[in-house]
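Peer 1: Using only what follows, build the 3D model:
(4 chains, ligands or ions: 2)
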2 protein chains.
Amino acid sequence: MLSKTTEYAIRALVSVELNSRKGQRPGFKTIARDIDAPEQYVAKIMQTLTRFKLLKSVRGRGGGFFFTEDNQQDIFLYDVVWIMEGKTFFTRCGFGFKHCDANNPCPLHNEYEPIREAFTQLLKKETIRSLATKIEKGEAVLSRLSV
Amino acid sequence: MLSKTTEYAIRALVSVELNSRKGQRPGFKTIARDIDAPEQYVAKIMQTLTRFKLLKSVRGRGGGFFFTEDNQQDIFLYDVVWIMEGKTFFTRCGFGFKHCDANNPCPLHNEYEPIREAFTQLLKKETIRSLATKIEKGEAVLSRLSV
DNA sequence: AGTAAAAAAGACCTTAAAATCTTTTATAAT
DNA sequence: ATTATAAAAGATTTTAAGGTCTTTTTTACT
Ligand code: FES
Ligand code: FES
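Peer 2: Numbering: from 1, shown residues only, chains lettered A, B, ... in the order given. Ligands and ions are numbered 1, 2, ... in the order given. Next comes the predicted model:
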């Protein structure tokens, strides 16, 4: 569904949020450990996310990644997916056509479109914060050891 | 969602079904033209599908791909996806964990699982025949020119 | 028997995603 | 100023999906 890169991006942001709540400002190594992903790859993803201003970074001693007042407003998963996968993600045809067109539908359209829409709504509802809160409450985990 | 290869596989089978209804026994070149996919790649996919006995093939003059009495029972999209993507397809975690586990859920599980299940049900309901029928009725198309 | 037609098989190539390695730039403490 | 720390940037590698090319095998027609 989502690419591995997008999944890492979401998990990374949740990691920053959880660390922030503990008064920490994590670096990419901490984040990578948190979400069990390759360090340098996480570093690249963080670069993308900061370039798109989903969060801020500072270099050097005591540096790391963090949210500012600007970002303190909720980041929807929709935003992250939009950045990482592109806007076409939300309108792809489930049958492989170049794009979805209700006026010239593929044979899956009528049934696929609502499912795609449900997923989009999920991405428009859940935020980095909401996921972090579930984890903080112990209702979910950010990472799981292999099995 | 589905890989390009799986999409080709489904469309190829629908093409065989439509051709059969017209009394034809298509070869991979005809199928490739029908579904607007690369000839040799379609040939490879057809090899996989025949190996898994979703349909039969005969070589040489007058050869091609066709369904037998055995296959005349409906082929569910579920079967095709199972073959092309593997059984793990239906139980993947939307958050990137190795697998989905309701007892140790990711923060998307509660909302993602029903969506994944809805898609699985769609694949268990629709068949190669049902798609072919929609196309025959003019309710949908098998292929679309670029745009 | 010989030939043409078609799928099967195997080797190979291309592209994009995922991942790694190395160098540079910014920051803060000493 | 120097040094340690950390992100940014750039180049490169690896892996897997997607795609192509060539040869072999099977089949039917003449
Ligand atoms: S046309 Fe295929 S999903 Fe809409
Ligand atoms: S654990 Fe992630 S979807 Fe079930």
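
Peer 1: A:Tyr8: what's it in contact with?
Peer 2: A:35, A:37, A:41-42, A:45, B:96 (Cβ atoms under 8 Å, 6 or more residues apart in numbering or on different chains). C-betas here are computed from N, CA, C, even on glycine.

Peer 1: Show the buried residues in those residues.
Peer 2: Burial by neighbour count, 16 or more other Cβ atoms under 10 Å in any protein chain shown: within the contacts of A:Tyr8 this picks out A:35, A:37, A:42, A:45, B:96.

Peer 1: residues contacting the first one?
Peer 2: Just to be clear, that refers to A:Ile35. A:8, A:11-12, A:14-15, A:42, A:142-143.

Peer 1: And the one helix or strand A:Ser20 maps to, what's buried?
Peer 2: In this assignment (DSSP states H and E), A:Ser20 forms part of helix A:4-21. Buried positions in helix A:4-21, judged by neighbour count with 16+ other Cβ under 10 Å: A:6-20.

Peer 1: near DNA strand C, which of those residues show up?
Peer 2: Checking the buried residues of helix A:4-21 against DNA strand C by Cβ under 7 Å from any atom of the strand, the ones in range are A:Tyr8.

Peer 1: Pick out whichever of the buried residues of helix A:4-21 sits closest to A:Ala132.
Peer 2: A:Glu17 (4.1 Å; Cβ to Cβ).

Peer 1: where does A:Lys56 fall, phi/psi-wise?
Peer 2: Note on A:Lys56: backbone dihedrals following degrees, to the nearest 10 are phi -110, psi 160.

Peer 1: what's across from it in the sheet?
Peer 2: Beta-bridge partners recorded for A:Lys56 (DSSP bridges): A:Phe66.

Peer 1: For ligand 2, tell me whether whatever helix or strand comes next after the helix holding A:Ser20 is touching it.
Peer 2: Next along the chain after helix A:4-21, taking DSSP H and E as the criterion, comes helix A:28-35. No. Counting by Cβ under 6 Å from any ligand atom, ligand 2 has no neighbours in helix A:28-35; the shortest distance is 13.6 Å.

Peer 1: again with stretch A:131-147
Peer 2: No. With Cβ under 6 Å from any ligand atom as the criterion, ligand 2 is not reached by stretch A:131-147; the gap is at least 8.1 Å.

Peer 1: any idea how far that stretch is from the chain center?
Peer 2: 15 Å (Cα atoms, centre = their mean, to the nearest Å).

Peer 1: With adjacent residues omitted, what lies nearest to A:Ala37?
Peer 2: A:Tyr8 (4.9 Å; Cβ to Cβ, 6 or more residues apart in numbering or on different chains).

Peer 1: How about A:Phe28?
Peer 2: Using Cβ to Cβ, 6+ apart, the nearest residue to A:Phe28 is A:Ala43, at 4.3 Å.

Peer 1: helix/strand/coil for that neighbour?
Peer 2: helix (DSSP: H, G, I helix; E, B strand; the rest coil).

Peer 1: For stretch A:44-58, give me every contacting residue.
Peer 2: Counting by Cβ under 8 Å, 6+ apart, residues outside stretch A:44-58 touching it are A:5, A:8-9, A:12-13, A:16, A:28, A:31, A:63-68, A:70-71, A:75, A:79-80, A:83-84.

Peer 1: For the residue nearest to A:Ala12 when sequence neighbours are not counted, the count of nearby residues, please.
Peer 2: Distances taken as Cβ to Cβ, 6+ apart put A:Ile31 closest to A:Ala12, at 5.1 Å, once the chain neighbours are dropped. A:Ile31: 25 surrounding residues under other Cβ atoms under 10 Å in any protein chain shown.

Peer 1: Now for A:Ile31: which residues touch it?
Peer 2: A:12, A:15-16, A:19, A:42, A:46, A:65.

Peer 1: Try it again at 10 Å.
Peer 2: A:8, A:11-16, A:19, A:37, A:39, A:42-43, A:45-46, A:64-65 (Cβ atoms under 10 Å, 6 or more residues apart in numbering or on different chains).

Peer 1: related to what we said a few turns ago, adding distance to B:Phe119 and pLDDT as columns, could you present the contacts of A:Ile35 in TSV?
Peer 2: Below are those laid out as TSV (distance: Cβ to Cβ, whole Å; pLDDT from 0 to 100):
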residue	distance to B:Phe119	pLDDT
A:Tyr8	23	98
A:Arg11	23	98
A:Ala12	27	98
A:Val14	25	98
A:Ser15	29	98
A:Val42	30	98
A:Leu142	25	97
A:Ser143	26	94
